[in-house]
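Q: here is my input, please return the structure:
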Amino acid sequence: MKLHKILSGVMHCVVIATLLSAMIGCTRKQKEDITLVISPYQDLAMVVNIHPLGLDRKYGTTVKIKTIPWQDTLPTLASVAGDVDIGFASLTEFLAKEENLNKGSNDPLLFIFPTYVFKGGAFVTFRKDMKPIFQNNAFDDNALKQFLQSRIGLSKNTLYQMLVYQFARKSGMATSKINIVDIPFDEGLFAAQKGDLDVAAVGLTQLTEALKRGGRVLFNMDDIGFADITGFVCKKSVLEKKRRHIENLIAMWFDATAHVMANLDRNSQHSLDYLRRNAATRYTIDEYKRALSQEYFPITLEQANRDMIASDGRYSYQKTYEAAADFLVGEGVVGKRPSKPEFIQTKAK
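A: Just a heads-up that it's a prediction; the model follows:
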């Protein structure tokens, strides 16, 4: 009887010790997890397929996904709160804000790897006398001059203004003479239709609407090989502390993207479910496919290196960087030329 009690007590202690060990192990593992912030957009929604596809188990890195507004992403990641690790940002927006975000910090926010390209931006007009400025792979100098002398609606310090700045330099026109109205996409489209603006910068949604209303495209970004690149952003300390998990997350992104793009009709369900719960836009599958058609998604690291990182790539980040840096310094938006991002060399398989 006494022996039975002793054995029972020993077993009880073993069970408790095992549970405590498991709890400590979970705690340690949890500390190594990556917390990823995203916004409810059609492109970023690709990443929610990590869990349904079991990619966290495949790579040995658990990922917590948190939804926040796009405009909050950079300030949140740059803060010292420590409850998020990594997120996505536009390269041009990052370059414009990096100086202020990293001012006085010895732990800077870094743009560490490109993920996809938005190539669907355009300038539209409702004026019958304005001609397209880019046709047959060449600029029409007269149409370009007319464009620069018109009233142009766009959001300032974005790739749209950077393009106008480049066009002005190409034409030898002082940028101070360009009549730019700082206005959001939706309002700009409405103002152009009313005749208050001659030209409006638009995204995909507004472009579709402009064409429905009788507007015409003067040029789009893809025509001239320009694009805004979105990629992963995190603090230097996070990269140093969680390098392996970040490399795994990058690999997961490309796996999830490859899965969705392989068959949009069949493989978009998880992304669409996420968007229905979180996004203002309620996408049908056709609308979702149309939105994604204005973007380029490499589905492997090799494609990302070839098309976005290599200097001769179709959407080389270096071309976007030079245009952004020239504009930001030339227009006095930043005090010094922003550093060119140095992307990490990921080893994740």
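Q: the strands in the stretch 51-200 of the chain, which residues?
A: Here the stretch 51-200 of the chain has its strands, by DSSP state E, counting those that start in this stretch, at 63-67, 86-90, 109-118, 122-125, 134-135, 138-139, 151-154, 179-182, 199-202.
Q: make JSON lines out of these and add mean neighbour count, distance to G332 and mean pLDDT.
A: Where you see a C-beta, it was placed from the backbone N, CA and C, and this is true even at glycine. Shown next, in JSON lines, are the strands of the stretch 51-200 of the chain (neighbours: other CB atoms under 10 Å; distance: least, CB to CB, whole Å; pLDDT from 0 to 100):
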{"stretch": "strand 63-67", "mean neighbour count": "15", "distance to G332": "35", "mean pLDDT": "96"}
{"stretch": "strand 86-90", "mean neighbour count": "23", "distance to G332": "21", "mean pLDDT": "96"}
{"stretch": "strand 109-118", "mean neighbour count": "24", "distance to G332": "22", "mean pLDDT": "96"}
{"stretch": "strand 122-125", "mean neighbour count": "25", "distance to G332": "24", "mean pLDDT": "95"}
{"stretch": "strand 134-135", "mean neighbour count": "14", "distance to G332": "28", "mean pLDDT": "80"}
{"stretch": "strand 138-139", "mean neighbour count": "12", "distance to G332": "27", "mean pLDDT": "82"}
{"stretch": "strand 151-154", "mean neighbour count": "23", "distance to G332": "18", "mean pLDDT": "96"}
{"stretch": "strand 179-182", "mean neighbour count": "14", "distance to G332": "15", "mean pLDDT": "95"}
{"stretch": "strand 199-202", "mean neighbour count": "28", "distance to G332": "21", "mean pLDDT": "95"}
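Q: for those strands, which one sits closest to L275?
A: strand 63-67 (10.5 Å; CB to CB).
Q: partners of the closest one in the sheet?
A: strand 34-38 (parallel) (DSSP bridges).
Q: list the contacts of the closest residue to F185 other than its chain neighbours.
A: Nearest in space to F185, with sequence neighbours left out and distances taken as CB to CB, 6 or more residues apart in numbering, is Q206 at 4.7 Å. For Q206, the contact set (CB atoms under 8 Å, 6 or more residues apart in numbering) comprises V124, F185, D186, G188, L189, A200.
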